[in-house]
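Trainee: what would the 3D arrangement of this be:
(2 chains)
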2 protein chains.
Amino acid sequence: MPEPVDVLELGEAARKRLGFLVAAHGLTGVQRLNRLLDGSRGETSAEHSWHLALAALVLGDDTELDMARVLGMLLVHDVVEVDAGDVPIYDVEARLAIVADEERAAARLFGLLPAGTSETLHELWREFEAAETPEARFARALDRLQPILVHWAGTGAAWAERGTTVAEERELAARVAELWPPFGPVATALIDDALTRGLLREG
Amino acid sequence: MPEPVDVLELGEAARKRLGFLVAAHGLTGVQRLNRLLDGSRGETSAEHSWHLALAALVLGDDTELDMARVLGMLLVHDVVEVDAGDVPIYDVEARLAIVADEERAAARLFGLLPAGTSETLHELWREFEAAETPEARFARALDRLQPILVHWAGTGAAWAERGTTVAEERELAARVAELWPPFGPVATALIDDALTRGLLREG
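Mentor: Okay, the predicted model is just below:
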């Protein structure tokens, strides 16, 4: 069966760009552990990616970071989940096991794009994964911080269901602080309040 | 009832930033006419905003545009829908009627942010609405083009249900071409193929 984009009366590069965008739209079908604030369903990875990018605009406003790179990384960082699915942050073994799947997914999905654009997006994904540049460290810190904010704001329904402990969240907060020190106190304030309100399990 | 962020042990600016991000998350609850590609539900405005920003990365790769501004505009352009809701593009009268609601929503929502960041984001929203700068014209053209792509890729289920005509889509394509000429042929190719496959109603 031919890919639908092949029938379009456009040059090859344009068809490839559209083919990638259609494939990437599958991220609207990947649900995360986080719920919408009303608890009605899981937040999709597409929604998470948007909210992260918005958070970068809002929280990175007074930094010297290259914001186009930060936003680019956040917009593409989860695209591999179209093939590889989402593995919650808490499942350390499953996250290690999925690395090879994600590499394959990146090769396939970014490979749908024409040369040039393909390398640009694949490189943004690699930069995020490597967590070495300041832009990548800021972006990855946000990727850990945003779920804490959404769990907290949604009164912890997904935390309660999973039985998430304060210790697990403190470990995430330490990783946030290590990646981007100014975000450490934000993570801690959210967790402290969640504990006060009984949204997290002790132990 | 105090806003929940007020209880957090953080400075006022940090609390305001988080308050805005929690309010903006409501965009995950605003469903659009466009469906997910499998037809299962309406695409949310949060998902639409992410897909637009990704499309800007992919389709703006060979332009001289200030990509940080383009992405910033696309990430905030629908935030007003948290208060004002989404009005489909086809409903010209309702879209005119909602302008004042959207202005009020922008003032309230961007007003949740601390000074400085508040003006930066409000200005991105105004630049998008004014459609005067090249960055805004590119971003707005994408905002018209992406739904055509998603309707087409999802085999036109929402088009069929609404009885959307070829003439309506040709009018949108003309607006896309006027805003950003290189996107005109893309819109036309999608509509031509949709017509060939009977996804749009004639007349």
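Trainee: so is stretch A:161-169 next to chain B?
Mentor: No. For stretch A:161-169, no contact with chain B is found by Cβ under 8 Å from any Cβ of the partner chain; the gap never falls below 14.7 Å. (C-beta placed from N, C-alpha, C; glycine too.)
Trainee: just the mean pLDDT for that stretch, thanks.
Mentor: What stretch A:161-169 shows for mean pLDDT is 94.
Trainee: now do that stretch: distance from first to last residue.
Mentor: Length of stretch A:161-169, first residue to last, Cα to Cα, to the nearest Å: 15 Å.
Trainee: contacts for it, please.
Mentor: With contact meaning Cβ atoms under 8 Å, 6 or more residues apart in numbering or on different chains, stretch A:161-169 is reached by A:33, A:90, A:148, A:151, A:158, A:187, A:191, A:194-195, A:200-203.
Trainee: please redo it, this time with the cut-off set to 10 Å
Mentor: The contact list for stretch A:161-169 (Cβ atoms under 10 Å, 6 or more residues apart in numbering or on different chains) reads A:33, A:35, A:39, A:88-90, A:147-148, A:151-152, A:156, A:158-159, A:171-173, A:187-188, A:190-192, A:194-195, A:199-203.
Trainee: can you say which of those are buried?
Mentor: Buried members of these, counted by 16 or more other Cβ atoms under 10 Å in any protein chain shown: A:33, A:35, A:89, A:147-148, A:151-152, A:156, A:158-159, A:172-173, A:187-188, A:190-192, A:194, A:199-201.
Trainee: look at A:Leu65 and give its secondary structure.
Mentor: coil (DSSP: H, G, I helix; E, B strand; the rest coil).
Trainee: that one: neighbour count?
Mentor: 18 (other Cβ atoms under 10 Å in any protein chain shown).
Trainee: what distance do you get for the nearest residue to A:Trp159 once chain neighbours are set aside to A:Leu75?
Mentor: Nearest residue to A:Trp159, sequence neighbours excluded (Cβ to Cβ, 6 or more residues apart in numbering or on different chains): A:His151, at 5.2 Å. Noted for A:His151: a distance of 23 Å to A:Leu75, by Cβ to Cβ, to the nearest Å.
Trainee: in the helix or strand bottoming out on mean pLDDT in chain A, what's buried?
Mentor: Across the helices and strands of chain A, mean confidence by mean pLDDT, DSSP states H and E is lowest for helix A:92-97: a mean of 84. Buried residues in helix A:92-97, counted by 16+ other Cβ under 10 Å: none are found.
Trainee: got the contact list for it?
Mentor: A:85, A:87-89, A:91, A:102.
Trainee: mind putting those into JSON lines with distance to chain B and pLDDT?
Mentor: Shown next, in JSON lines, are these (distance: Cβ to the nearest Cβ, whole Å; pLDDT from 0 to 100):
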{"residue": "A:Gly85", "distance to chain B": "16", "pLDDT": "91"}
{"residue": "A:Val87", "distance to chain B": "20", "pLDDT": "86"}
{"residue": "A:Pro88", "distance to chain B": "18", "pLDDT": "83"}
{"residue": "A:Ile89", "distance to chain B": "19", "pLDDT": "79"}
{"residue": "A:Asp91", "distance to chain B": "24", "pLDDT": "83"}
{"residue": "A:Glu102", "distance to chain B": "18", "pLDDT": "94"}
